[in-house]
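[1] just a sequence and a predicted model for now, questions to come.
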Amino acid sequence: YDATPQHRDNFLKLAEDGYFDGLLFHRVIDGFMIQGGDPDSRDADANQRLGMGGPGYRVPAEFVDTLIHTKGALAAARTGGPSNPKKESSGSQFYIVDGKPFTDADLDRFEKADHYEGHEFSPYQREFYTTIGGLPFLDLNYTVFGEVVAGMNIVESIAASETDSKARPVEDVLIIEAKMI
């Protein structure tokens, strides 16, 4: 998205440079999201802990209230907690929302969360979240910077993968090549 230029440009550069080629979707939770972009996942052993690797830098948060975690949204992963008070994004780890529909009552509850700071879902956002679905509780907490425009069935197939206790697919799900089209 043009509204998140630092994330957009970073992701496109990494893809163009072949950074994602050969990496795994190392964290997969059906009905939630699929996550990749950890360089430590390249040729990783089956029991290797993943999800901590990156290019050695973070990207400043770019929260935009109209860019939300609808099903198919592309967003930046990040380290949480006190070590990352500015909610800066991982330099390379990303996730694609699988999500599920929520009720209007759920959305009312999310609007009262501290990190929303008075944000209200627009009628369009409510319609999307109650019909198509997503992860509204992540809005304004993680940077959304793109969306899946074709192939959502592939995302859903990956999300349905059998996983171990750490949410890693039992059979590796590999990004063969990330390229610009």
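    Received it, and whenever you're ready, just let me know what you need. Residues are numbered from 1 along each chain as shown.

[2] please count neighbours and contacts with C-alpha atoms only from this point.
    Will do.

[3] this protein: strands as residue ranges?
    For the chain, the strands defined by DSSP state E cover 25-29, 33-36, 58-59, 73-76, 89-90, 94-97, 144-147.

[4] and the nearest residue to Glu177 once chain neighbours are set aside, how many neighbours?
    Excluding the flanking residues, the one nearest Glu177 by Cα to Cα, 6 or more residues apart in numbering is Asp21, at 4.5 Å. Number of residues near Asp21 (other Cα atoms under 10 Å) recorded here: 19.

[5] for Val149, see how far away Asp21 is.
    Distance, Asp21 to Val149, by Cα to Cα, to the nearest Å: 20 Å.

[6] surely His69 touches Pro136?
    Yes. At 5.8 Å, His69 counts as touching Pro136 under the criterion of Cα atoms under 8 Å.

[7] the two: who's more crowded?
    Taking neighbours as other Cα under 10 Å, His69 and Pro136 compare with His69 leading, 29 against 24.

[8] ok, the residue nearest to Gly37 when sequence neighbours are not counted - contacts?
    Leaving aside its sequence neighbours, Gly37 sits nearest to Gln93 (Cα to Cα, 6+ apart; 4.1 Å). If you count contacts by Cα atoms under 8 Å, 6 or more residues apart in numbering, Gln93 has them with 35-38, 51, 54, 76-78.

[9] if we go to 10 Å?
    Counting by Cα atoms under 10 Å, 6 or more residues apart in numbering, Gln93 touches 11, 20, 25, 35-39, 51-55, 75-78.

[10] and what of Ala46?
    168-172.

[11] try Ile175
    So Ile175 contacts 20-25, 36-37, 42 (Cα under 10 Å, 6+ apart).

[12] list only buried entries from the residues you listed.
    The neighbour count (16 or more other Cα atoms under 10 Å) marks 20-25, 36-37 as buried among the contacts of Ile175.

[13] I figured His69 was touching Ile132, is that so?
    No. Taking contacts as Cα atoms under 10 Å, His69 lies outside contact range of Ile132: 11.1 Å.

[14] what distance do you get for the nearest residue to Thr163 once chain neighbours are set aside to Phe25?
    Nearest residue to Thr163, sequence neighbours excluded (Cα to Cα, 6+ apart): Pro169, at 4.0 Å. Remark: distance between Pro169 and Phe25 (Cα to Cα) = 8 Å.
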